[in-house]
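[1] Coordinates for the following, if possible.
(2 chains)
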Amino acid sequence: MKIYDMDKKCYVDIAHIKNPTTKVEQLSEALYCYENEIFDIIYDKAQPALKAHVESFSEDFLKQVEMQFLYFTSGTTGTPTGVYKTKLNSKKQAQAFIDTLPKDMKFNRIVTTVPFVHIYGVDIGGVVAKEMDIDVWVKENFIPEELAREANVDGTLVVTTPLFIKALNRIKKDTKFSGAYFITSTAPLSLEDAKEFKESYGSSVMQLFASTENGIMAYKVDDETILKAYDCVEIGESDNMLNISSPFVAQKILNDTIEKVELPFQTEDIVEILSEHEFKLLGRSSSLAKVAGKRISTLQIEAIVEGLECVECALVKVRKDAKALRDEILDIYIESSRDIKQKELKEILKKVFGSMHIVFKLHNGMIITKSSVGKKIGFKEKN
Amino acid sequence: MITTTDLKVKLIDGLGLEDIEVDEIGDDMALFGDDGLGLDSVDAIEITLIVEKEFGVKIKDAGEESGVFSTPNTLVTYINENK
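    Okay, here's the model as predicted:
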């Protein structure tokens, strides 16, 4: 297994690199530590606040016996969380991931667009390649045309993000990537985008459901709506929130102090469990709004509104009102062929959320503006 | 010929830079990094799509060496040379 530097057009050795800055250096250092069982702290050093936070601890304090990686994530509350993983966490996880790849495809390299400052890049882009003994091709800055060229090569496993799937959909190349297979991270990829990609390029996208704390939990392919948990991952729920027991869950977590993780690990992902190994994701913590003391997903509300036949697009924004008794008010901006009435939507939401009182203000007659990769970026009045 | 003003208008619209006026973006202002417009790698991807959609020019590689994405001027030069 080797690293190919696509910018310099050469293979580079896996080596110990102090203060790695480029993607190639980051991967090289992480894999060197993995190979030699050297403890490594991984985080995005380009974020000043995160860097200051990590540097506020002494290395002796952070270093824990038998741990391989300490990842720092931004955390849902705004305070970074440190997540400890053993080498066995990563190794078992890589094998579970490899077992779900299509058996009729033979991969000879990974091409990755992601940086190696998060668990996704290191574990899926790096450790998986190591365990499969295939090369990793790394480029500092990919643009869609470049990725399209690489995906045209048979035997390529593309480790990327939904952003690139959407971007490739927009450039619509007259080619097929049928010899390649795409993996995306947890960020949501719409069913429409996944379907369009499959139809346009003849290649599948496996979407991972994972977090730093839990590692990989489940996956789905193309426009599937149901997530399949990995064989050794046990799923459960508490107050509609997913909890997980698996060999990929972190051993220890650092918030104010370093604490051992107890299983099952409680997530803030809202799910509907369908069977022992299947569930539907209804929302994630990053899009959670606290309404009437409960957490609901703004994405879920957008999906409900967009389920109305006359609605083209909906955008939900959370307005905090410190003076109000209720925590948050939802502003719902709607692009539709007719006005939606407050009462009408209230009835629909009631069917989904029961008696929960959701305070919202409707803004009809809007156009939801989107970026060229389809991300909702704002709204404006229709006329 | 595309002008830097044409490009800036499309960038402001496409990247959702609604709080920025065309005049505030210098022709030689760095598009990326804290010292310039502060765009990031995701914006770079957006820019390739905007340039293709609005000006019919495909940016085929990130061109780190040629610095296509450096400033409005370098980007407009690339667009006009490849149109």
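
[2] okay, CA-based contacts and neighbour counts for the rest of this
    Fine.

[3] my read: A:Thr186 touches A:Ala210, true?
    Yes - with contacts defined as C-alpha atoms under 8 Å, A:Thr186 counts as touching A:Ala210 at a distance of 6.0 Å.

[4] got any ranges where the chain has weak pLDDT?
    No chain in the question, so chain A it is. For chain A, the stretches flagged by pLDDT under 70 are A:47, A:49, A:74-79, A:187, A:284-297, A:320-328, A:354-357, A:373, A:375.

[5] Actually, chain B is the one I wanted.
    Within chain B, the stretches with pLDDT under 70 are B:16-19, B:34, B:63-66.

[6] 90 instead, please
    Per-residue confidence of chain B (counting by pLDDT under 90) places the weak regions at B:12-21, B:31-46, B:60-69, B:83.

[7] what distance separates the longest helix seen in it from the centre of its chain?
    Within chain B, and with DSSP state H defining each element, the longest helix by residue count is helix B:41-55. Distance of helix B:41-55 from its chain centroid, counting by C-alpha atoms, centre = their mean, to the nearest Å, is 8 Å.

[8] How about stretch A:205-216?
    On the basis of C-alpha atoms, centre = their mean, stretch A:205-216 is displaced by 7 Å from the centre of the chain it belongs to.

[9] Let me see the contact set for the nearest residue to B:Ile45 once chain neighbours are set aside.
    Take B:Ile45 and drop its neighbours on the chain: the residue closest to it by C-alpha to C-alpha, 6 or more residues apart in numbering or on different chains is A:Ile143, 5.7 Å away. Listed by C-alpha atoms under 8 Å, 6 or more residues apart in numbering or on different chains, the contact set of A:Ile143 reads B:44-45, B:48, B:60-62.

[10] switch the cut-off to 7 Å
    Shown in contact with A:Ile143 (C-alpha atoms under 7 Å, 6 or more residues apart in numbering or on different chains): B:45, B:61-62.

[11] Torsion angles phi and psi at it?
    Backbone dihedrals for A:Ile143, given as degrees, to the nearest 10, come out at phi -120, psi 160.

[12] next one: A:Ala94
    The phi/psi pair for A:Ala94 (degrees, to the nearest 10) reads phi -60, psi -40.

[13] With A:Gln342 instead?
    Residue torsions, per degrees, to the nearest 10, at A:Gln342 are phi -50, psi -50.

[14] what's the answer for the one 4 residues further on, then?
    Note on A:Lys346: its backbone torsions stand at phi -60, psi -40 [degrees, to the nearest 10].

[15] How many residues are close by it?
    Taking other C-alpha atoms under 10 Å in any protein chain shown as the criterion, the count of residues near A:Lys346 is 14.

[16] what does stretch A:306-325 contact?
    Outside of stretch A:306-325, the residues that reach it under the criterion C-alpha under 7 Å, 6+ apart are A:289, A:298, A:302, A:305, A:327-338, A:368.

[17] buried set for it?
    Buried positions in stretch A:306-325, judged by neighbour count with 16 or more other C-alpha atoms under 10 Å in any protein chain shown: A:306, A:311, A:313-318.

[18] In helices, which of those residues fall?
    Among those, DSSP H puts A:Glu306 in helices.

[19] mind listing which of the buried residues of stretch A:306-325 are in strands?
    Secondary structure defined by DSSP state E assigns A:311, A:313-318 of those to strands.

[20] Quick check, central residue of chain A?
    The structure's chain A has its C-alpha centroid closest to A:Thr186; by C-alpha atoms, centre = their mean the separation is 2.1 Å.

[21] So the nearest residue to it once chain neighbours are set aside versus A:Val352, what's the distance?
    Across the structure, with C-alpha to C-alpha, 6+ apart as the measure, the residue nearest A:Thr186 apart from its sequence neighbours is A:Phe209 (4.9 Å). For A:Phe209, the distance to A:Val352 (C-alpha to C-alpha, to the nearest Å) stands at 24 Å.

[22] More neighbours: which of those two?
    For A:Phe209 versus A:Val352, neighbours defined as other C-alpha under 10 Å are more numerous around A:Phe209 (21 against 12).

[23] The residue of the stretch 201-350 of chain A found nearest chain B bridge partners, please.
    Using C-alpha to the nearest C-alpha, the closest approach of the stretch 201-350 of chain A to chain B is made by A:Leu315 at 15.3 Å. Beta-bridge pairing for A:Leu315 (DSSP bridges): A:Tyr333.

[24] residues from chain A in reach of chain B?
    Remark: the part of chain A in contact with chain B comprises A:141-146, A:371-373, A:377, using C-alpha under 7 Å from any C-alpha of the partner chain.

[25] Could I have the buried ones of the residues you listed as ChimeraX selection syntax?
    Selection of the buried residues among these in ChimeraX, burial being defined by 16+ other C-alpha under 10 Å:
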select /A:141,142,143,144,145,371,372,373
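
[26] Of the residues of chain A next to chain B, which belong to helices?
    When helices are assigned by DSSP H, the members of the residues of chain A next to chain B inside them are A:144-146.

[27] so what does the helix or strand containing A:Glu196 touch, helix or strand wise?
    Taking DSSP states H and E as the definition, A:Glu196 sits inside helix A:191-201. Helices and strands touching helix A:191-201, by 3 or more C-alpha pairs under 7 Å, 6 or more residues apart in numbering or on different chains; DSSP states H and E, are helix A:162-171.
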